[in-house]
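Undergrad: sequence? don't have it. structure:
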Ligand SMILES: NC(=O)C1=CN([C@@H]2O[C@H](COP(=O)(O)OP(=O)(O)OC[C@H]3O[C@@H](n4cnc5c(N)ncnc54)[C@H](OP(=O)(O)O)[C@@H]3O)[C@@H](O)[C@H]2O)C=CC1
Ligand SMILES: O=C(O)[C@@H]1CCC=N1
């Protein structure tokens, strides 16, 4: 499924987002942009300042996780991994077979989530990413033991409205953290470095930023279209004896390919540590 026609205006479940930080906020923004009714959502945070922008958008806000969970059909856990188990313990009395818990926490396993949510509570482990904020998130899902097909489809419908979804076995979740969860940071790092390169060569910074943004956007569109593998797309840019070949030699000399792969592995390893 894709985000081509995001429309959640008829989505009926009541949703609680526990944790109004970067990721909870990104998902919430994506859902509201897809016309999910603000009245069907409640968002919580321990810091009230983080809730003010949501209240201004018509979303119910609270510092009470237990009360927010009591009225919800779907509960998003959007707190840091080390807080997730304690938060589940706090709200467990309000969870039941009729409540679906969707965890966005890196590394935290289904076994931990199900153990703290309580017997029979349906859980989905998700690795999201921040482009959800602009409706282009990547969400990698693993349903837990008590999450049936209908519930999984409901989560897919919600998340497809703010990006794309893949369902994987749990053993691939840490690799998903390493690739798509952390991935936006790698690409923002590359974007930042390219802009500096353009500035060094005399381009005004705002123009260098526009050139890089459109180059990344267009290149991403070609990769996503999938007509050719990225290696072929790179060859098509690389004229014999030309400027791109000279540039790629510099990247190879710096082992950039090796370091990007190693970065994915480092994030994957750290994700597993966060859940331990
Ligand atoms: N940021 C990202 O790109 C990604 C994040 N994730 C996952 O998303 C989760 C959230 O990360 P992120 O949004 O970056 O973190 P943030 O720190 O930005 O957001 C977490 C929010 O939860 C609040 N909070 C802490 N404890 C509680 C509580 N008991 N009840 C309610 N709210 C609470 C925090 O408040 P305060 O700041 O005051 O402590 C903070 O506002 C993490 O588990 C992370 O692994 C997954 C993929 C990508
Ligand atoms: O850095 C982190 O731990 C989180 C998970 C993936 C992206 N951000």
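TA: Thanks, I have the structure now. For clarity, every value in this text was computed on a predicted model and none was experimentally measured. Ligands and ions are numbered 1, 2, ... in the order given.
Undergrad: ok, the spatially closest residue to residue 120 that is not a sequence neighbour to ligand 1 distance?
TA: Nearest residue to residue 120 in three dimensions, chain neighbours excluded: residue 97, at 4.7 Å (Cβ to Cβ, 6 or more residues apart in numbering). Glycine gets a C-beta too; all of them are placed from N, C-alpha and C. From residue 97 over to ligand 1 the distance is 24 Å, taken as Cβ to the nearest ligand atom, to the nearest Å.
Undergrad: how about residue 97, what does it touch?
TA: 120-122, 146 (Cβ atoms under 8 Å, 6 or more residues apart in numbering).
Undergrad: Not counting the helix or strand hosting residue 195 itself, show me its contacts.
TA: Using DSSP states H and E, the element containing residue 195 is helix 183-200. Identification of contacts with helix 183-200 by Cβ under 8 Å, 6+ apart yields 129-131, 138, 205, 207-209, 211-213, 215-216, 260, 263.
Undergrad: which one of the residues you listed is nearest residue 25?
TA: Nearest to residue 25 among the contacts of helix 183-200: residue 130, at 9.2 Å, using Cβ to Cβ.
Undergrad: Now do the closest residue to that closest one other than its chain neighbours, the pLDDT please.
TA: Among residues not flanking residue 130 along the chain, residue 26 sits closest, at 4.9 Å (Cβ to Cβ, 6+ apart). Per-residue confidence at residue 26 stands at 94 (pLDDT).
Undergrad: still on that earlier bit, okay, angle between the next helix or strand after the helix holding residue 195 and helix 183-200 too, please.
TA: Later in the chain than helix 183-200, the nearest helix or strand by DSSP H and E is helix 205-225. In terms of direction (axes from the mean of the first three to the mean of the last three Cα atoms, to 10 degrees), helix 205-225 departs from helix 183-200 by 140 degrees.
Undergrad: could you say what helices and strands helix 205-225 packs with?
TA: helix 183-200, helix 230-237 (3 or more Cβ pairs under 8 Å, 6 or more residues apart in numbering; DSSP states H and E).
Undergrad: Tell me what angle that helix forms with helix 230-237.
TA: With the same axes, to 10 degrees defining the directions, helix 205-225 sits at 130 degrees from helix 230-237.
Undergrad: Please enumerate residues in contact with helix 205-225?
TA: 187, 190-191, 194-195, 198-199, 203, 228, 230, 233.
Undergrad: Can you give me the buried ones in that helix?
TA: Using 16 or more other Cβ atoms under 10 Å as the test for burial, helix 205-225 gives 208-209, 212.
Undergrad: quick one, what contacts residue 61?
TA: 20, 42-45, 51-52, 54-55.
Undergrad: Pull the most distant pair out of those residues.
TA: In terms of Cβ to Cβ, the contacts of residue 61 reach their longest pairwise distance at 42 and 52, which sit 14.7 Å apart.
Undergrad: Between those two, which has more neighbouring residues?
TA: Between residue 42 and residue 52, counted using other Cβ atoms under 10 Å, the more crowded position is residue 42 (23 against 11).
Undergrad: List the residues that contact the more buried one.
TA: 14-17, 59-62, 68, 71-72.
Undergrad: ok, now residue 128?
TA: Residues near residue 128 by Cβ under 8 Å, 6+ apart: 23, 26-27, 104, 137-139, 159, 163, 181.
Undergrad: roughly how far apart are it and ligand 1?
TA: 5 Å.
Undergrad: same thing with residue 10?
TA: 28 Å.
Undergrad: burial count for residue 109?
TA: By other Cβ under 10 Å, the residues close to residue 109 number 19.
Undergrad: Enumerate every residue touching the spatially closest residue to it that is not a sequence neighbour.
TA: Closest residue to residue 109 apart from its sequence neighbours, by Cβ to Cβ, 6+ apart: residue 275 at 5.1 Å. Contacts for residue 275 (Cβ under 8 Å, 6+ apart) come out as 81, 106-109, 112, 174.
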